[in-house]
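Colleague: I would like to see how this sequence folds:
(chains A and B)
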Amino acid sequence: MTARAVSPSRLATADDHAAAAELERTWGDRPGLIGWLSTVDHKRIGIRYMVTAFVFFLLGGLNAGLMRLQLSQPENGLLGPDRYSQLFTMHGTTMMFLFAVPMMTALGIYFVPLMVGARDVAFPRLNAFGYWVYLIGGLLLYAGLFTNTGPDTGWFSYVPLAGPEYTPGKRADVWAQTVTFTEIAALIASVEIIATIFKHRAPGMSLNRMPIFVWAMLVTSFMIMFSMPWVATASLFLAADRLIGTHFFNPAEGGDALLWQHLFWFFGHPEVYIIFIPSLGMVSHIVATFTRRPVFGYTAIVLANVAQGFLSFGLWVHHMFATTVPQIGSSFFSATSAMIAITTGIQIFCWIVTIWQGRPRFRVPFLFVIAFVVVFMIGGLSGVMVASVPFDTQVHDTYFVVAHLHYVLLGALFPLFGAFYYWFPKFTGRRLGERAGRWHVGLFFVGVHLTFFPMHYLGLAGMPRRVYTYLADTGWGPLNLLASIGAVVLVSSVVVFLANALVSLRRGTAAGDDPWEADSLEWATASPSPPYNFVHQPVVEGRSALWDRSEAGPVVTGLRTDVREALVTTVMDARPDHRHFAPSPTVAPLLAALATGVTFIALIFTPWGLPVGSVLLLVTITMWAWPSREEHADQRSQETGAPA
Amino acid sequence: MSDSRASDVDVAALPTTVFGPRDLGWWGTVGFMAIEGTTLLVAASAYLYLWRNAPTWPPEHTLRPSLFWPTLSTAVLVLSNLPMIGVSRAAHRFDLAELRRWMIVASVLSVAFLFLRWQELLALNSRWDTNAYASVAWLTVGMHASLLVMNACETVVFTVFLHTSRVTERYFSDASDAGVYWVFITLVWVPLYALVYLGPYFI
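Modeller: The predicted structure follows:
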């Protein structure tokens, strides 16, 4: 008997051809602009998220480049203190809120459904809404910069500096609302990723067979869910202090400036792991694929991931060692800060064993992983140093901290770039150039060390962060120049990557379904994947979804192809449970996002933004939820079994 | 089909409408409950943090909240879960006529909450810009009020939908999730009521 096709590039029977053609009609978008605006396809939205986040990465890098130019020599006159303050605030805010978190959730949105063998995310319209809200938030921040209203109080916007007394005008409000937009987007992504993982896994993919990247996204999503509300609420308090005269952070009326730091860092520390854990997940996949063996210590890695999720909520006070928190409290946070290094250590050792036992293929994604281990170890070690209270008090607010945090965060960037090389064939059907890729790894690796390693010394020598210039007799000039040269190398590595991506998009070698002979289900279908992901969803028979699978492996049959029907399975064991009607494309999420935008942007200027925006939201969300005639017919057909 | 094989999983006979944790919509509802619950936890934490900092609570020359409207409103909110049992039962039985009746009751209640909440805000007895105590009390109650506003909008629109459109089975499952959300709104309110309205009397 013939096997049923999973991938549209391997259609064998007439039935398969008919099914694929009908699925294309059912799940595809309308052509043209309206199709572009109304799509709810997780892959189109995921790509959109990634491209947008990457543009913000370039802008954030541009901010940093200008800062490095300014600091390349003592008493440089290129930027004044005001412009410089805006630039470092924009740089941090862009990289954290507009690049790093959205990029990680974007990869989750793109790959989680493919890796668990689903047709789409659990709430496709919400997914589209999240993207548009994020885009509006990013545009707001840069509109602020170009109208001389760019935030200038640092990416963590400490009060009292950011309060109404010391930052009159609208700069801090632009920051607070940008944060609100990006938090809404991330929270939405977390809900849909969790629901997709719990309820849309292919039959047979019990929790203990889930790909490690999916586990990483699950942990990350829970962390987003329980950490982001803290900064969202804190920024609401800040906006209220500034707009309607509340006194949350005003000590004269019983408020407390340290409250801000607690609320911010209760989010801010998990944030680092929200960026970092998905990267660890990518490393596991790349290591497995390029050593051609399942990653060693699956259970240990998953548990280490989960432990990191929990521990990261017990670290926030280590950002506040220089404040008046009680000493006993500080020692607790010092201990957890050192403890979290263990969970990372476990994973690194598991990868080393995997590589040891396997036959490594030193392709670009794998090179990025090796570079990551080196860079991240340095960041981890300086992290253990600043976890110690006396040491931290000494280097607080110096360039040592800048060096540490960039080693950690750029450490997370290495696997991300590696993952682009790894997954680019899935996005586009073509491979990225290998030779340019090697240049990219090399330049990036050298650039990171040249730029950030000298900063350790600058910090120990007493150079404070966030100063727009320094005097020649400090002796900081040569190392700053070195760091600035490093920044040029970093920029050149990104230029190589961009050029590689643009050229490969047109002229890269064709990839086929599974160019790396990898293990997880995203490689079971065509590259790029069709709107419906799989002709027949595969049934999973082991932890290695593809390596354990024979060419004629079992598939799911009996799902409707003429209406948007998706399979829902049970949480633990992924047993088939029921058939779900998936929502169709519509522009309503875009309109609802615009209404959200009007609400929050108007709130910068007047409290009337709230009632007016609420009405707009009510109208647009009603449009979103109310089924059209056509949709009603499809729902009825799905429920009754009558043909559409 | 002639070429279907034993190990393939045929799902054609599975149901299309299920209730509770089996259903996707339930997970969405619970996800947003977790997020909204966390924001209220943040507000309560800020309340306790500022309380701990203050020598007296409320600060001198600030009135304590009145208790009549808040207590009445809390009682009504708790009791309003009874009609939601009716909603849930009608939904599970796919009884559209009964569901429509109970949803009208729910709509009236959800709008009545808004009036009661307004009285509760006035019962705080000081404006939000008086001092940090008043700020955190207002915003805590206000943030929960935003859930009541959303709930009222959803309930009324959904009731209109049930009365004016042809209703497919999936909406019965949605109605039952609305009952879950209602319980959540009640459960998070009771400790907030104790904190904001009773708290200042017990310091």
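
Colleague: and the strands in the stretch 301-450 of chain A?
Modeller: In the stretch 301-450 of chain A, no segments count as strands under DSSP state E, counting those that start in this stretch.

Colleague: over to chain B?
Modeller: Secondary structure of chain B by DSSP state E: the strands cover B:9-10.

Colleague: ditto for chain A
Modeller: With DSSP E as the criterion, chain A has strands spanning A:556-557, A:565-569, A:576-581.

Colleague: got the contact list for the last one?
Modeller: This points to strand A:576-581. With contacts defined as CB atoms under 8 Å, 6 or more residues apart in numbering or on different chains, strand A:576-581 is touched by A:203, A:556, A:559-560, A:563-570, A:634-635, A:638-639, B:9, B:11, B:14-18, B:22-24, B:170. C-beta coordinates here come from the backbone N, C-alpha and C atoms, glycine included.

Colleague: just the buried positions in the longest helix seen in chain B, please.
Modeller: What stands out as the longest helix in chain B, according to DSSP state H, is helix B:132-164. The neighbour-count check on helix B:132-164 (16 or more other CB atoms under 10 Å in any protein chain shown) flags B:132-145, B:147-159, B:161-162 as buried.

Colleague: residue of chain A nearest chain B, please.
Modeller: In chain A, the residue that lies nearest chain B is residue A:558 (3.0 Å; CB to the nearest CB).

Colleague: turn the strands of chain A into TSV, including distance to residue A:268 and mean neighbour count.
Modeller: Below are the strands of chain A laid out as TSV (distance: least, CB to CB, whole Å; neighbours: other CB atoms under 10 Å in any protein chain shown):
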stretch	distance to residue A:268	mean neighbour count
strand A:556-557	43	20
strand A:565-569	36	24
strand A:576-581	37	22
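
Colleague: how near is residue A:430 to residue A:523?
Modeller: Residue A:430 is 15 Å from residue A:523, where distance means CB to CB, to the nearest Å.

Colleague: who has more neighbours, these two?
Modeller: Using other CB atoms under 10 Å in any protein chain shown as the criterion, residue A:430 and residue A:523 rank with residue A:523 on top: 24 against 20.

Colleague: you'd agree that one is up against residue A:513?
Modeller: Yes: with contact defined as CB atoms under 8 Å, residue A:523 counts as touching residue A:513 (6.2 Å).

Colleague: by residue count, tell me the biggest helix in chain A.
Modeller: Longest helix in chain A, counting residues (DSSP H): helix A:257-291.

Colleague: compute the inter-axis angle for that one and helix B:132-164.
Modeller: 50 degrees (axes from the mean of the first three to the mean of the last three CA atoms, to 10 degrees).

Colleague: the most centrally placed residue in chain A: what's it in contact with?
Modeller: For chain A, the residue whose C-alpha lies nearest the mean C-alpha position (CA atoms, centre = their mean) is residue A:104; its distance is 1.9 Å. By CB under 8 Å, 6+ apart, residue A:104 lies in contact with A:220, A:274-275, A:278-279, A:416.

Colleague: which of those tops the neighbour count?
Modeller: If you rank the contacts of residue A:104 by neighbour count (other CB under 10 Å), residue A:220 sits at the top with 31 neighbours.

Colleague: any idea of the pLDDT on the residue nearest to residue A:281 when sequence neighbours are not counted?
Modeller: Counting by CB to CB, 6 or more residues apart in numbering or on different chains, residue A:216 is the residue found nearest to residue A:281 once chain neighbours are left out, at 2.8 Å. On pLDDT, residue A:216 comes in at 98.

Colleague: check the one 10 residues further on too.
Modeller: According to the model's per-residue confidence, residue A:226 sits at a pLDDT of 97.

Colleague: quick one, what contacts the nearest residue to it once chain neighbours are set aside?
Modeller: With CB to CB, 6+ apart as the criterion, residue A:226 has its nearest non-adjacent residue at 5.6 Å, and that residue is residue B:38. Residues in contact with residue B:38 (CB under 8 Å, 6+ apart) are A:225-226, A:229-230.
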